[in-house]
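Asker: Have a look at this fold, sequence not included:
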Ligand code: FDA
């Protein structure tokens with residue numbers, strides 16, 4: 001019931017000012033965000049990569065001018081060089097939101113985003129690691145998959161995210177189940193209309209299972225991004241059925257969520273990757289995490305009421 005208002009608030013500047021300026025939200029934010037600077041995030045990555053893999057997200061989205069998009073490219077270039085220098089690039093890749101590199105700019109946004117994403121891919125290639133393109137709301141799906149196709153000509157290892165709540169996603173899974181393809185399958189975190197998305201949780205879950213079946217039966221590399229114990233178990237069963245070894249797919253979870261389960265999967269020999277966001281632009285990401293789980297919201301409201 002609260003999911004929709006929270007996701008609307010995630011895009012409201014007024015709510016943003018209220019939440020960002022409350023010192024009481026800090027405790028909860030640090031549960032989901034590995035720090036505001038690269039210097040704070042790197043030790044977290046070093047610790048996590050002892051038993052798990054990592055994908056790093058330099059927080060930011062919906063940039064409104066080319067200078068901000070440039071700053072995002074510079075931040076990723078520096079991040080990738082530092083991962084390389086610290087010897088972490090073998091176990092840590094990066095995740096990029098195309099709206100942070102210009103996709104939403106009114107003039108030539110798509111062209112600018114492709115150019116900037118290409119520069120980040122070049123930096124990743126220099127560091128010896130990979131890039132995965134995050135998926136944002138449904139109005140960007142075609143553009144993001146188009147940019148993915150272009151990038152994969154030169155960088156065949158670029159990964160995509162698909163969201164099982166969208167009606168179109170089974171077809172997208174079929175398109176992206178070929179050799180060399182890396183697909184991160186998630187349920188979807190935005191507020192989408194019933195015309196394009198399943199709004200019922202059980203339907204989203206059923207779609208997730210159908211999509212997993214396609215990806216696991218395919219020739220690509222499935223990345224099962226879910227904390228849901230049923231999805232984790234079904235992924236394991238499908239991998240066995242399709243003769244995939246533990247090295248031929250991976251589980252992914254968000255930093256700060258189901259840590260014990262992350263360790264359990266890694267200790268059992270599974271490939272377990274943690275999505276680690278860092279940076280000062282944590283508001284949108286944080287609000288989507290609140291929307292996913294009422295218990296997070298109750299905790300957050302209690303801390304605001306204590307002002
Ligand atoms: P579900 O929401 O059913 O949660 C299952 C269980 O996980 C819950 O019962 C709870 O125990 C735990 N849990 C889930 N969310 C929690 C939270 N916020 N706090 C505490 N516990 C929680 N989405 C998107 O639209 N575009 C994207 O690019 C990505 N990228 C992405 C990368 C990775 C690695 C992950 C894991 C997820 C994403 N997502 C995403 C988010 C995704 O779409 C989805 O919103 C969340 O993962 C929650 O869905 P679950 O599959 O975990 O199931």
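Answerer: Sure thing, it's come through. Note that the structure is a prediction, hence the values are computed from the model and not measured.

Asker: so what's residue 167 closest to, chain neighbours aside?
Answerer: Of all residues not flanking residue 167 in the chain, residue 196 sits nearest, at 6.1 Å (CB to CB, 6 or more residues apart in numbering). All C-beta atoms are positioned from the backbone trio N, CA, C, and that covers glycine.

Asker: give me every residue that touches that neighbour.
Answerer: With contact set as CB atoms under 8 Å, 6 or more residues apart in numbering, residue 196 has these partners: 138, 166-168.

Asker: Filter the residues you listed down to the buried ones.
Answerer: 138, 166 (16 or more other CB atoms under 10 Å).

Asker: Please enumerate the strands of the protein.
Answerer: Ranges of strands in the chain, per DSSP state E, are 53-58, 92-96, 131-133, 159-163, 182-186, 221-225, 250-254, 272-278.

Asker: I'd like to know which elements the fourth one is packed against.
Answerer: So that's strand 159-163. Helices and strands touching strand 159-163, as assessed by 3 or more CB pairs under 8 Å, 6 or more residues apart in numbering; DSSP states H and E, comprise strand 131-133, helix 141-154, helix 169-175, strand 182-186.

Asker: In terms of secondary structure, what does the third one contact?
Answerer: Contacting helix 169-175 under the criterion 3+ CB pairs under 8 Å, 6+ apart are the following elements: strand 159-163, helix 201-217.

Asker: Please point out which parts of that helix sit buried.
Answerer: Using 16+ other CB under 10 Å as the burial criterion, the residues of helix 169-175 that qualify are 169-170, 172-173.

Asker: Out of these, which two are the most distant from each other?
Answerer: Greatest spatial distance among those (CB to CB): 170 and 172, at 7.3 Å.

Asker: If you drop the residues flanking it in sequence, what lies closest to the residue sitting nearest the centre point of the chain?
Answerer: When CA atoms, centre = their mean is applied to the chain, the residue found nearest the centroid is residue 134 (5.1 Å). Of all residues not flanking residue 134 in the chain, residue 97 sits nearest, at 4.6 Å (CB to CB, 6+ apart).

Asker: Kindly report the same for residue 25.
Answerer: residue 19 (5.7 Å).

Asker: how about the residues of this structure near the ligand?
Answerer: Listed as neighbours of the ligand in the chain under the rule CB under 6 Å from any ligand atom: 134-135, 161, 163, 184, 186-190, 225-228, 252-254, 257-258, 275, 289, 292-293, 296.

Asker: Isn't residue 160 up against residue 148?
Answerer: Yes: in this structure residue 160 lies within contact range of residue 148 using CB atoms under 8 Å: 5.0 Å.

Asker: OK, now which residue of the stretch 1-150 of the chain is nearest to the ligand?
Answerer: Taking CB to the nearest ligand atom, the ligand has its nearest neighbour within the stretch 1-150 of the chain at residue 134, 3.6 Å off.

Asker: tell me the pLDDT at that residue?
Answerer: pLDDT recorded at residue 134 is 98.

Asker: Ok, residue 1 next?
Answerer: 65.

Asker: need the contact list for the residue nearest to residue 25.
Answerer: Here residue 19 is in contact with 25, 283, 286-287 (criterion: CB under 8 Å, 6+ apart).

Asker: Can I get these in JSON lines including pLDDT and neighbour count?
Answerer: Shown next, in JSON lines, are the contacts of residue 19 (pLDDT from 0 to 100; neighbours: other CB atoms under 10 Å):
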{"residue": "25", "pLDDT": "76", "neighbour count": "19"}
{"residue": "283", "pLDDT": "90", "neighbour count": "22"}
{"residue": "286", "pLDDT": "91", "neighbour count": "24"}
{"residue": "287", "pLDDT": "89", "neighbour count": "23"}
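
Asker: Now, these that are in helices?
Answerer: 283, 286-287 (DSSP state H).

Asker: Can you tell me the closest non-neighbouring residue to residue 124?
Answerer: residue 131 is the one closest to residue 124 (CB to CB, 6+ apart), at 4.9 Å.

Asker: That neighbour against residue 161, yeah?
Answerer: No: using CB under 8 Å, residue 131 makes no contact with residue 161, being 11.7 Å away.

Asker: burial count for residue 106?
Answerer: Applying other CB atoms under 10 Å, we find 6 residues neighbouring residue 106.

Asker: Over to residue 211?
Answerer: Using other CB under 10 Å, residue 211 is surrounded by 26 other residues.

Asker: circling back: mind listing what the residue nearest to the centre of the chain touches?
Answerer: If you count contacts by CB under 8 Å, 6+ apart, then residue 134 has 57, 95-98, 161 around it.

Asker: Equivalent analysis for residue 94, please.
Answerer: Here residue 94 is in contact with 55-58, 76, 79-80, 83, 120, 124, 129-132 (CB under 8 Å, 6+ apart).
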